[in-house]
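1. coordinates for the following, if possible.
(chains A and B)
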Number of protein chains: 2
Amino acid sequence: MSDERQRTRRPGGRSARVGAAVHRAALDLMAERGYGTFTVGDVASRAGVADTSVYRRWGTLEALLVDVAITWLTAQSPIPDTGSLDGDLRAYAAGVARDLAGPDALAILRLIIALDAAGPDGVQARGEFFAERSRQIQDMLDRARTRGERPPEVLDILDHILAPMYIRVLFGADLTPDYADTLADRLLRIM
Amino acid sequence: MSDERQRTRRPGGRSARVGAAVHRAALDLMAERGYGTFTVGDVASRAGVADTSVYRRWGTLEALLVDVAITWLTAQSPIPDTGSLDGDLRAYAAGVARDLAGPDALAILRLIIALDAAGPDGVQARGEFFAERSRQIQDMLDRARTRGERPPEVLDILDHILAPMYIRVLFGADLTPDYADTLADRLLRIM
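-> Numbering: from 1, shown residues only, chains lettered A, B, ... in the order given. Below you'll find the model as predicted:
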């Protein structure tokens, strides 16, 4: 154990491999069985690591799951900086549509929604997720305002870009690049 | 049992009471523990009825759950008929916002989303839910077209009225009557 603790300090080494394996196991369990049906022990066993490795690094299942969600989101949905609000909104909507077409998207969305029912840890986790998400989008809108454009609010993007796509994925409907562009168009029109 | 089977034929009698108790038990289990963590036996036991009463009437857990969702939806979100598209969309959005503020709304939304992961029965259940929902909304839009108005499509209502409200409830944000009116306004503006 003390040997392992030393190794977790080496970036890109065992620590990174354990992190990736634990994230993968948590995502697979979410996709197959859903939140509320598995424990830290199940995740650790599936990832081939000791329970204590998970507890030491994340503390709770909820903390692990929010890390999984935010890591995925940050890696998959980079915030564009095209030089115009129009370009940013279109690129952002297209990127979200592309990410949502990927294999883990439904499990991630279910995870974010399930965290809401996970008690205090889950509520805090959801709060952290939204704070992170809002900061990223606010930066994009601030750049538009600095250029003299009139951007929407962060919540308008949630309502008219993210919500329609999230609901379509959650309810099993298709997302096309055309559809993402239509949503960006409409948001620009109602500003 | 044969005695009970006879009684289920009497509307408003034991059959209605069993139906209400089973629906209540299913909703409570959804709210407390989530889909995938309880069986027909758990629902029956909580409702104080025999497992066979549930199986005979609904066949599967998924069939019971879609009945719960559609019954709730039909009772809670009547489709308005105010004589104008503008009036109908505003009344509809306000009604959905009001219903979503109720105590069972989050459990119902989670139920609809969870059914998607429930295998063939769940997928069929989701399909039935959407067909029913779409028919109700299409009727409202057909009345507008008959009056010579230019209504949106059913999917536009999903995208710009329902999705923003569903996502706000699922993600724990507030819904106000003003907010519902803003969504109706915006949908009318982008038509």
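
2. mind telling me what element A:A44 is part of?
-> Using DSSP states H and E, A:A44 falls within helix A:40-47.

3. can you tell me the closest non-neighbouring residue to A:H160?
-> Excluding its sequence neighbours, the residue lying closest to A:H160 (C-beta to C-beta, 6 or more residues apart in numbering or on different chains) is A:L187, at 4.6 Å. For the C-beta atoms, the positions are set from N, CA and C on the backbone; glycine is no exception.

4. got the buried residues for the helix or strand where that neighbour lies?
-> Secondary structure assignment for A:L187, by DSSP H and E: helix A:177-190. By neighbour count with 16 or more other C-beta atoms under 10 Å in any protein chain shown, helix A:177-190 contains the buried residues A:Y179, A:A180, A:T182, A:L183, A:A184, A:R186, A:L187, A:I190.

5. what's the pLDDT at the most centrally placed residue in chain A?
-> Taking C-alpha atoms, centre = their mean, the centroid of chain A lies closest to A:L73, which sits 3.0 Å from it. The predicted structure scores A:L73 at 76 on the pLDDT scale.

6. what does chain A put close to chain B?
-> Within chain A, the positions lying close to chain B (C-beta under 8 Å from any C-beta of the partner chain) are A:33-37, A:106, A:110, A:112-114, A:116-117, A:123, A:126, A:130, A:155, A:158-160, A:162-164, A:166-168, A:170-173, A:183, A:186, A:189-190.

7. repeat the analysis, applying 6 Å as the threshold.
-> Chain A has residues A:34, A:36-37, A:113, A:116, A:159, A:163-164, A:166-167, A:170, A:172, A:186, A:189-190 near chain B, with proximity defined as C-beta under 6 Å from any C-beta of the partner chain.

8. who wins for most neighbours among the residues you listed?
-> Ranked by neighbour count (other C-beta atoms under 10 Å in any protein chain shown), the residues of chain A next to chain B have A:P164 at the top, with 27 neighbours.

9. let's verify A:P103: helix, strand, or coil?
-> Using DSSP: H, G, I helix; E, B strand; the rest coil, the structure places A:P103 in coil.

10. report how many residues lie close to it.
-> Using other C-beta under 10 Å: A:P103 sits among 8 other residues.

11. average pLDDT for whichever strand or helix holds A:D142?
-> For A:D142, the host element (DSSP H and E) is helix A:119-146. Averaged across helix A:119-146, the pLDDT comes to 84.

12. now for it, which elements pack on it?
-> Packed against helix A:119-146 by the contact rule (3 or more C-beta pairs under 6 Å, 6 or more residues apart in numbering or on different chains; DSSP states H and E) you find helix A:61-76, helix A:105-115, helix A:154-157.

13. let me know the angle separating that helix from helix A:105-115.
-> Comparing the axes of helix A:119-146 and helix A:105-115 via axes from the mean of the first three to the mean of the last three C-alpha atoms, to 10 degrees yields an angle of 120 degrees.

14. buried residues in helix A:119-146, which are they?
-> By neighbour count with 16+ other C-beta under 10 Å, helix A:119-146 contains the buried residues A:121-122, A:124-126, A:128-130, A:133, A:136-137, A:140-141, A:143-144.

15. could you identify the most distant pair in the residues you listed?
-> Using C-beta to C-beta, the buried residues of helix A:119-146 span at most 35.6 Å, a distance reached by A:D121 and A:A144.

16. measure the residue nearest to A:I157 when sequence neighbours are not counted to chain B for me?
-> Closest residue in space to A:I157, ignoring its immediate chain neighbours: A:I137 at 5.7 Å, by C-beta to C-beta, 6+ apart. Distance of A:I137 to chain B, given as C-beta to the nearest C-beta, to the nearest Å: 14 Å.

17. can you check A:A69 too?
-> Distance, A:A69 to chain B, using C-beta to the nearest C-beta: 12 Å.

18. circling back to that earlier point, now the angle from the helix holding A:D142 to helix A:61-76?
-> 20 degrees.

19. so where's chain A uncertain?
-> A:1-12, A:77, A:116-119, A:121 (pLDDT under 70).

20. tell me the domain ranges of it?
-> The record's domain split for chain A, according to automatic domain parsing, is A:2-59, A:68-190.

21. closest one to B:D51 among these?
-> Of all these, domain A:2-59 sits nearest to B:D51, with 21.6 Å by C-beta to C-beta.

22. now A:A31: closest residue in space, sequence neighbours ignored.
-> In space, A:A31 is closest to A:A107, 3.9 Å off (C-beta to C-beta, 6+ apart).

23. dump the domains of chain A into JSON lines; add distance to B:L61 as well.
-> Formatted as JSON lines, the entries for those read as follows, by distance: least, C-beta to C-beta, whole Å:
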{"stretch": "domain A:2-59", "distance to B:L61": "14"}
{"stretch": "domain A:68-190", "distance to B:L61": "19"}
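
24. which stretch among these comes nearest B:D28?
-> With C-beta to C-beta as the measure, domain A:68-190 is the member of these nearest B:D28 (13.3 Å).

25. figure out how far that closest one is from the centre of its chain.
-> What separates the centre of domain A:68-190 from the centre of its chain is 9 Å, taken as C-alpha atoms, centre = their mean, to the nearest Å.

26. repeat for stretch A:182-191
-> The answer for stretch A:182-191 is 24 Å, by C-alpha atoms, centre = their mean.

27. contacts for it?
-> The contact list for stretch A:182-191, computed with C-beta atoms under 6 Å, 6 or more residues apart in numbering or on different chains, reads A:L89, A:R90, A:A93, A:P152, A:H160, A:I161, A:P164, B:R186, B:R189, B:I190.

28. isn't the third one up against A:I161?
-> Right, A:A93. Yes - counting by C-beta atoms under 6 Å, A:I161 is a contact partner of A:A93 at 5.2 Å.

29. understood, closing this out.
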